[in-house]
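Trainee: Would you be able to build a 3D model of this:
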Amino acid sequence: MPAKLMKGAIMTSPLPLIVEPAELEAMLHQDNLLILDLGKADTYQQAHVPGAISVSPADIQLGIKPAPGKLPTKEQLSILFSRLGLKADTHVVVYDDDGGPWAGRMIWVLDSIGHKHYSFLNGGIHSWLAEQLPVEAQANSPIASDYEVSDIDTSVSISKDDLLAAVTFKESSYQIWDARSYKEYTGEKAVSARGGHLPSAQSYEFSRALDADRNMRLRDLGEIKAELNELGINGEQTIVSHCQTHRRSGLSYVICKALGWHMQAYDGSWSEWGNDPSTPIVEGESAN
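Mentor: Below is the predicted model:
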């Protein structure tokens, strides 16, 4: 029988949301562990966590302009996770080679299909290598399953129309976290047809949360929380985060989960908003 999305199902997880390399290394023998490497293919070919399966980031994006970062269809996700061998009781560990944005996006994808057993490897392959833990170079092939995504949990995402309504009527139920660079936020650098930011959005570039001196691990969550609080992002309302294509804001998603904040990803992101001439934008430093 296909594995089905079971809303409200509670399953115990062998690992925490944010897992350290040594913790994962101690659990590599677990049969129900699925380790996904979302880093670059050439990095994977050189060294990866034992048992890890390489997943192209393109597989977790719809790939259709002007908003290529939107969630793939149920059918596409069913094919992907069947190929990866996902089952209802599988605990998924995700990492990449860039500090975690693609891995964080995968956490959001898993939430979207209702699979709640997952962990984020802190620092990804950089921290794993720094601790001189065992690695593999040969590619791993998963044992396929028959995983069926029967529903999408839309509570972890927000559409352009709903976000537009929120900023138009200045709803106080959302706090908007722009994870792009500050130059993108101000409009000095425009990747879409228009540059700037959403009304009321606050700028906190995703890379600020990473500690290069600790092999791309997340910085102390208390410090990150304090910095976000100074911007008015405090979790008292739903956090909406975006970047250009919902890659960088994948890390925002994990951080909000780790802080216990409810977040909705705007997967259309600036590639959708900035290319739509009807959406309101703000240029410069002001967030209003």
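Trainee: Just give the nearest non-adjacent residue to Asp97, would you?
Mentor: Nearest non-adjacent residue to Asp97, counting by C-beta to C-beta, 6 or more residues apart in numbering: Gly39, 3.3 Å away. Placement of C-beta: from N, CA and C, glycine included.
Trainee: Who are the contact partners of the one you found?
Mentor: His48, Ser54, Tyr95, Asp96, Asp97, Asp98, Trp102, Gly124, Ile125 (C-beta atoms under 8 Å, 6 or more residues apart in numbering).
Trainee: Local confidence estimate at the second one?
Mentor: Predicted confidence (pLDDT) at Ser54: the value is 98.
Trainee: Show me what the least confident helix or strand in the chain by mean pLDDT is packed up against.
Mentor: One helix or strand of the chain scores below all others by mean pLDDT, DSSP states H and E: helix 160-168, with a mean of 94. Contacts defined by 3 or more C-beta pairs under 8 Å, 6 or more residues apart in numbering; DSSP states H and E place helix 160-168 against strand 174-178, helix 269-273.
Trainee: returning to that earlier point: is it possible to get a markdown table of the contacts of Gly39 that adds secondary structure?
Mentor: Shown next, in a markdown table, are the contacts of Gly39 (DSSP: H, G, I helix; E, B strand; the rest coil):
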| residue | secondary structure |
| --- | --- |
| His48 | strand |
| Ser54 | strand |
| Tyr95 | strand |
| Asp96 | coil |
| Asp97 | coil |
| Asp98 | coil |
| Trp102 | helix |
| Gly124 | helix |
| Ile125 | helix |
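Trainee: and which of these is nearest Asn32?
Mentor: Using C-beta to C-beta, Tyr95 is the member of the contacts of Gly39 that sits closest to Asn32, with 17.9 Å.
Trainee: list the contacts for that closest one?
Mentor: Contacts of Tyr95 (C-beta under 8 Å, 6+ apart): 35-39, 49, 52, 103, 120-121, 124-125, 128.
Trainee: Check the gap between Asn275 and Gln264 for me.
Mentor: Look at Asn275 and Gln264: by C-beta to C-beta, to the nearest Å, they are 21 Å apart.
Trainee: Please apply the same query to Gln61.
Mentor: 18 Å.
Trainee: that older thread, got a PyMOL select line for the buried ones in the contacts of Gly39?
Mentor: Command for PyMOL that selects the buried part of these, burial taken from 16 or more other C-beta atoms under 10 Å:
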select buried, resi 48+54+95+96+97+98+102+124+125
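Trainee: what sits opposite Tyr174 in the beta ladder?
Mentor: For Tyr174, the beta-bridge partners are Thr238 (DSSP bridges).
Trainee: neighbours around it, how many?
Mentor: The number of residues packed near Tyr174 is 19, by other C-beta atoms under 10 Å.
Trainee: What of the one 5 residues further on?
Mentor: Applying other C-beta under 10 Å, we find 28 other residues in the vicinity of Ala179.
Trainee: and if you look at Ile281?
Mentor: Other residues within reach of Ile281, judged by other C-beta under 10 Å, total 19.
Trainee: Setting aside sequence neighbours, what's the nearest residue to it?
Mentor: Using C-beta to C-beta, 6+ apart, the closest residue to Ile281 is Gly196 (3.9 Å).
Trainee: circling back to that earlier point, put the buried members of the contacts of Tyr95 into a ChimeraX selection.
Mentor: Paste this into ChimeraX to select the buried members of the contacts of Tyr95, with burial taken from 16+ other C-beta under 10 Å:
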select :35,36,37,38,39,49,52,103,120,121,124,125,128
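Trainee: Serialize the contacts of Tyr95 to TSV and add fields for distance to Leu221.
Mentor: Listed next are the contacts of Tyr95 as TSV, based on distance: C-beta to C-beta, whole Å:
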residue	distance to Leu221
Ile35	23
Leu36	23
Asp37	24
Leu38	22
Gly39	23
Val49	23
Ala52	25
Ala103	16
Phe120	12
Leu121	16
Gly124	17
Ile125	21
Trp128	20
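Trainee: Give me the subset of the contacts of Tyr95 lying in strands.
Mentor: Mapping the contacts of Tyr95 onto strands (DSSP state E) picks out Ile35, Leu36, Asp37, Phe120, Leu121.
Trainee: Give me the mean pLDDT for stretch 271-278.
Mentor: Rounded mean pLDDT across stretch 271-278 is 98.
Trainee: Would you indicate which residues of it are buried?
Mentor: Neighbour-count burial for stretch 271-278 [16+ other C-beta under 10 Å]: Ser271, Glu272, Trp273, Gly274, Asn275, Asp276.
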